[in-house]
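Asker: Below are the sequence and a predicted model for it; my questions follow.
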Amino acid sequence: MALTEMKRISIFPVLIVNFIGTLGYSIILPFLIVLVLTFGGNELTYGILGATYSFFQLLGAPMLGKWSDNFGRKKILMFSQGGTFLAWVLFMVALLIPNKTFIHVNLSTSSAFIITFPMAMLFIARALDGITGGNVSVANAYLADITTEKERKSNYGKMAASANLGFIIGPALAGILGETALGELLPVIIAMFISLIAVFVIFFLMNEANPCEITGQVESCKIKKVFGQEHKDCYVIAESERFRLRDILRKNNIPLMLILYFIIFLAFNFFYVAFPVYAVDRLDWNLFELGIFFSVMGFIMVMVQGPVLSKISNKFPDGYLVLAGSLLLGSSFFFFTGGNEVFIYSGVILFSTGNGLMWPSFLSILSKVAGKKYQGSIQGYASSAGSLASIIGLITGGIIYGFIGKATFWIPGILMFILFVLSFKLLSIQPSTAETEN
């Protein structure tokens, strides 16, 4: 497909899909911990529930990545979004069935919890969403297909901003809708219909071109890609040229990028499992206050990844933005241990600004070093690395929080400072990457 044709393809549909996906997910963030506690769980149960999604995504992401390379983004995106819709249906069922005990678990005096029938249904819903959970990564891969090198970082910012816009509206809606007579059921119903809308957006608004086989070397294929799996509309992959894990690890700088990807997700998931429990248990926040917290976080990230990143993306290399963002992120986690809203919202400002600078820039570098033709496979394994980190972070984070409480926030802070040190290598690999793409 010619470059001029690529430019005529609008990125608006994929931004809508990304927004809808995040909106559907974030709408339950404020009250998921409340549901877990209501159904007899604790911080460990909450962590395992989050890890269930990541575990099944670990299994499904490489498969979906390869399928998107072979069959096209649109088909796999439809399949993935359909799985998300069915998962929300099961989530709604969980809120409607009787809250009866299924299993009683007594690991220790401080770790006793029960598994009720609604809780079991939540686990099934998260597993289904995880195994088909390639909608965000494949959507970003679709954006990669239609993005030129000049637009790469800007479109990364737009994609991240669309997700964070959903992250603003979702928790705010949850806080408002959760106060109605239907309680948590109404936000879940809204999330279910939002997912259904995304299916129609993909079907009616997204374009897909006809594939044709390319058998040349990876380095000779001049297609630009962004976050997620790479797929050019004019090819499918020859069987003899499929990438396996050992092939990917031989590629220059890919092992480093996978390690950094792992550290980022590990740090974030320590935070995401600890903070909701901390907010409800120690700060005594209600659903509305949790909704405001996540909405403010999302709003700042939208501002950074939208207008701010658009202005500075051409002035600073991606590597420098990753360094600056990781330093801000590492500092932010220590503010959450302050125990009052002044410290917490100071941490939110640092967290959101750092994430807004670091993540799109990191993804831009990843898409460059991943290459052209096999980015689907490489990004599938990167997603798996993130899922593995999420599993470890969510489960161990839940366990550790039970022992040390808010001191858990020191762990992601230290991990981000490690990322900061390792990211200096990005300054040396970026120029050579850019040269090979020109």
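Answerer: Arrived safely. Predicted model, so just to flag it, every value in this text is computed and none were measured. Residues are numbered from 1 along each chain as shown.
Asker: where does the stretch 301-438 of the chain dip in pLDDT?
Answerer: 370-377, 379-380, 430-438 (pLDDT under 70).
Asker: can you rerun that using 90?
Answerer: The model of the stretch 301-438 of the chain has pLDDT under 90 over residues 301-318, 338-341, 356, 359-360, 363-388, 390-391, 394, 398-399, 402-403, 426-438.
Asker: Do a quick rundown of the helices in it.
Answerer: Residue ranges of the helices in the stretch 301-438 of the chain, as given by DSSP state H, counting those that start in this stretch, are 309-312, 318-335, 341-369, 375-404, 410-422, 424-437.
Asker: Which strands and helices lie in contact with the longest one?
Answerer: Counting by 3 or more Cβ pairs under 8 Å, 6 or more residues apart in numbering; DSSP states H and E, the packing neighbours recorded for helix 375-404 are helix 43-71, helix 135-145, helix 245-250, helix 254-281, helix 341-369. From N, CA and C alone the C-beta is placed, and that goes for glycine too.
Asker: State the next helix or strand along the chain beyond the second one.
Answerer: Taking DSSP states H and E as the definition, the helix or strand that follows helix 135-145 towards the C-terminus is helix 152-177.
Asker: Of the helices and strands packed on helix 375-404, flag the one that's most buried.
Answerer: Stretch with highest mean neighbour count among these: helix 135-145 (a mean of 29; mean count of other Cβ atoms under 10 Å).
Asker: who wins for proximity to residue 301 among the helices and strands packed on helix 375-404?
Answerer: With Cβ to Cβ as the criterion, residue 301 lies closest to helix 341-369 of those, at 4.5 Å.
Asker: Tell me how far that closest one lies from the chain's centre.
Answerer: Centroid separation between helix 341-369 and its chain, computed with Cα atoms, centre = their mean, to the nearest Å, is 13 Å.
Asker: Helix 318-335 and that one, what's the angle between them?
Answerer: When axes from the mean of the first three to the mean of the last three Cα atoms, to 10 degrees is applied, the directions of helix 341-369 and helix 318-335 differ by 150 degrees.
Asker: Which strands and helices lie in contact with helix 341-369?
Answerer: Helix 341-369 packs on helix 152-177, helix 254-281, helix 287-303, helix 309-312, helix 318-335, helix 375-404, helix 424-437, going by 3+ Cβ pairs under 8 Å, 6+ apart.
Asker: okay, now residue 427: neighbour count?
Answerer: By other Cβ atoms under 10 Å, the residues close to residue 427 number 14.
Asker: Quick check: it touching residue 322?
Answerer: No - the criterion here is Cβ atoms under 8 Å, and residue 427 misses it with residue 322 at 9.1 Å.
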